[in-house]
Each structure stands twice: as structure tokens, then as C-alpha cells.
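Peer 1: Sequence below, structure please.
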Amino acid sequence: MAKPPKTEPPRIFISHAWEDKALVRRLEKTLADAGAEVWVDHAGIRGGDNLPERINDALEWCNTLLLVWSKAAKGSHWVKLEWTNAISLRKLIVPCPIDGTPVPPIMANTAYIDFSDREQGVRELLRALQLAQTSAKDLDTESELAGVIHARLSQAASPSVPKPPQNGPKAAPPKSKPPVSKPTPPARPTIIQLRHTPINPLSAEAVQQMLREKNFYDQYKNSSGKGIQHEYESVERAGAALVIDHATGLTWQKGGSEKYVPFKEAETYIRQLNANKHGGVTDWRLPTLEEAMSLMEPKEHGNLYIDPVFDRQQTWIWTADKESAGRAWYVDFGYGSCDRHGIGSSLYVRAVRS
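Peer 2: Below is the predicted model:
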């Protein structure tokens, strides 16, 4: 089998559900390292943004839509918007099912790459997109999808200039054309990175420094802090009311514990959430002080310094950070500040996951 002609690196739009973000981040890095141009919407639904316009710009830019398909993707309005518009724009669509969820009926006869085995799926995808070195044996046994991708991407390649005949007058050499700059992918939003590993002990001096560096509002310790411009999205997952902050990439409980609990019971509460697969996942944890203070607003909403998207009952919450073995840090949305309490005291819990 002849080796397919060399093509320009694919411009890939990765369509996916927020729940599959961890896999998509690894896939994005692998494709970029292999030479592809990749665009991923890391922020999801951003407050104040014209999301359909951003999707339209990215779809016009790309030549390949990589559809990371799962149960969550099937239920996502935005994923459906992306793949249906990709079809209308005649973009190459590469379905990559990851959990056995059947692909949409319109793609039933489309060759796909099975990502139930992640490593094998990545290898097949790189080979199909001509992003990996392949031997003659590999090329002979490539999947149907690889051939389709080679053909579709080759259509965009510039035709070669025919050689002049050996006898007779020679054709004039073609005029050189000015280089065409490649289109720039739509800008990717930056996710604010927050510490998610607890610190024990966490001193008052370190907290003061953190508040200044992060520009977090604290009525007593950093009253000039502006806080974070959040991009909240209220969702329901497996019967649980959640709030996704696309600015930080964190998912929070909309509410939390229904009563005050001591610190040890707060840890028990977290274990119970995970045992019950709250929201369909098992990686809930107590927030660090840095994460919890990211929720603090520099002005009151009603009587709390937290956005009304959250329930109003959890006025102060435990964090995973401790000042000492017997004192843990907490955040008080009623007073707009953070402080520490003895672990025998009782406060609310609001769980978080990355």
C-alpha cells in the first residue's frame, strides 16, 4: 500500500462534556506534542460570553472535529451544537467513544476510534492523523478511519506543479506566491490555579500573604481585595445540585451539610458523599482555605459575602487547612472573613472537587 501524501498538520476542535475534562486535557497535550493544532473550550459556558459565536469561530478554523463521546456528552446541549454544526460545515468528524455509549444514529456508519482502552485509542488516533511514525506494516493494517482521514486532509493540500516535458520548449516556472499565514486558533481562556493540597500547619502570616497575592477580599485582613470574577454555572448531576466555577475549574456543592458539625464529622461527611457517589462522582473533598476564599465576594449579596447562586444556609464552612493539630481554618461568609476555630467547634461543610 502506497504511503499517503504528506498533509498539513490537522487543526483539531475537541468537542467534549465537562465531566470528561481530565481525559481531554491529556489528549490535548498529546496531540499538540505530536504537531497538531488543537482548540479546546476549557471554560465551558462563560458568563458574559457569546458562546455560540466562540464555537462558530473555532469550527470555521478547524478541519477536524474530535468528538469525545460519553454518556455525559450525549446529554450535553453544547456538544450536540458542536457536532451538528460540524456536519453542516462538512468538517471531518472523528468519534471517540470512551464508555460504551452508542454514537448518534447519523454517525452509525462512521468509522470511529474506540477509547475504552485509552492508550490503544491514542495510538490509533495519532496514526490515523499521520501524527506518529508508521512502518509499512502499520500502514497496511491501518483502520478504515485512517484512510478516510488521509483522504479528507489531503483534499486541502496544494496540488504539485507538473514537470515540463523533456523535449520542446520548457514551460515558464510558476510565479512564487507570498506565504500565507496560518489562521490563529481562537484564544483559550485561562483557568485560575488554586492550591488543592491542604497545609498543616498553615500560619496566620502565610494566610495574610496568600490573601494579598491572590487579591482575595477579607473584611479585616485585606479589605481592598477584589476577589475573582467568577463564571458560575448551576447544574444538576445524578440528582445533586452543583455549581461549576469555570474561572477556577472547581465544582462545588450548591448547598452542603444541613447542620453544623465538628471537624472530624466534616471529614466523615465527605467520605459519605463519596460512598454515595454524590453527583455521580467519588472525588469530593474539603476545600483548602485558598479555594474557599475564592468564593468570597467583595460586597454583600443579601447578608452574605457569597454569590446568590449558592444556598444561603452554609454561612461559614470548614476548610482542610489547619493552623495546628487542634485548630482548623474556616471561611465566614456572614462577616466576609476567614479565621481559625478549635476542631471541636461546629460549622457547616461545602464540598468541592477539581
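
Peer 1: Just the CA coordinates for stretch 95-102, please, in CSV.
Peer 2: Listed next in CSV are the C-alpha coordinates belonging to stretch 95-102 (Å, rounded to 0.1, in the frame of the first residue of the first chain):
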residue,chain,number,x,y,z
PRO,A,95,-16.0,9.9,17.0
CYS,A,96,-14.0,8.6,20.0
PRO,A,97,-16.5,6.7,22.4
ILE,A,98,-15.0,6.3,25.8
ASP,A,99,-17.6,4.5,27.9
GLY,A,100,-19.7,2.4,25.5
THR,A,101,-22.4,5.0,24.9
PRO,A,102,-23.7,4.5,21.3
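
Peer 1: chain center to it: distance?
Peer 2: 18 Å (Cα atoms, centre = their mean, to the nearest Å).

Peer 1: One more: stretch 244-259?
Peer 2: The chain centroid and the centroid of stretch 244-259 are separated by 16 Å under Cα atoms, centre = their mean.

Peer 1: Please apply the same query to stretch 299-312.
Peer 2: 27 Å.

Peer 1: Over to stretch 320-330?
Peer 2: 31 Å.

Peer 1: The nearest residue to residue 315 once chain neighbours are set aside: neighbour count?
Peer 2: Once flanking residues are discounted, residue 315 sits nearest to residue 334: 4.7 Å by Cβ to Cβ, 6 or more residues apart in numbering. Every C-beta, even on glycine, is put in place using the N, C-alpha and C of the backbone. Counted with other Cβ atoms under 10 Å, the neighbours of residue 334 add up to 12.

Peer 1: wait, isn't residue 334 in contact with residue 302?
Peer 2: No: checked against Cβ atoms under 8 Å, the pair residue 334 and residue 302 is beyond contact range at 10.4 Å.

Peer 1: Run through the chain and note the low-pLDDT ranges.
Peer 2: For the chain, residues meeting the criterion pLDDT under 70 lie at 1-7, 42-51, 132-189.

Peer 1: Check which helix or strand residue 207 maps to.
Peer 2: Secondary structure assignment for residue 207, by DSSP states H and E: helix 204-214.

Peer 1: what does residue 341 give?
Peer 2: strand 337-342.

Peer 1: Give the other helices and strands that the longest strand along the chain contacts.
Peer 2: Using DSSP state E, we find that the single longest strand of the chain is strand 316-324. Helices and strands touching strand 316-324, by 3 or more Cβ pairs under 8 Å, 6 or more residues apart in numbering; DSSP states H and E, are helix 289-293, strand 327-332.

Peer 1: now that strand against helix 204-214, angle please.
Peer 2: Interaxial angle, strand 316-324 versus helix 204-214 (axes from the mean of the first three to the mean of the last three Cα atoms, to 10 degrees): 130 degrees.

Peer 1: and strand 316-324 with strand 327-332, angle?
Peer 2: The directions of strand 316-324 and strand 327-332 differ by 150 degrees, with the same axes, to 10 degrees as the criterion.

Peer 1: List the buried residues in strand 316-324.
Peer 2: For strand 316-324, the neighbour count (16 or more other Cβ atoms under 10 Å) marks 316-323 as buried.

Peer 1: Would you reformat these as CSV and include distance to residue 200?
Peer 2: CSV is the format used below for the buried residues of strand 316-324 (distance: Cβ to Cβ, whole Å):
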residue, distance to residue 200
316, 20
317, 18
318, 14
319, 11
320, 9
321, 7
322, 4
323, 8
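
Peer 1: Nearest to residue 292 among those?
Peer 2: residue 319 (4.9 Å; Cβ to Cβ).

Peer 1: and of the helices and strands packed on strand 316-324, who's closest to residue 131?
Peer 2: Closest approach to residue 131 among those (Cβ to Cβ): helix 289-293, 36.5 Å.

Peer 1: tell me how far the closest one is from the chain's mean position?
Peer 2: With Cα atoms, centre = their mean, you get 21 Å for helix 289-293.

Peer 1: which secondary structure elements does it contact?
Peer 2: Against helix 289-293 (3+ Cβ pairs under 8 Å, 6+ apart) you get helix 204-214, strand 316-324, strand 327-332, strand 337-342.

Peer 1: Mind putting those into CSV with distance to residue 122?
Peer 2: Below are the helices and strands packed on helix 289-293 laid out as CSV (distance: least, Cβ to Cβ, whole Å):
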stretch, distance to residue 122
helix 204-214, 36
strand 316-324, 34
strand 327-332, 41
strand 337-342, 43
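
Peer 1: Of all these, which one comes closest to residue 26?
Peer 2: Once these are compared by Cβ to Cβ, strand 316-324 is nearest, at 26.0 Å.

Peer 1: got the angle for that closest one vs strand 337-342?
Peer 2: Using the same axes, to 10 degrees: strand 316-324 against strand 337-342 is 60 degrees.
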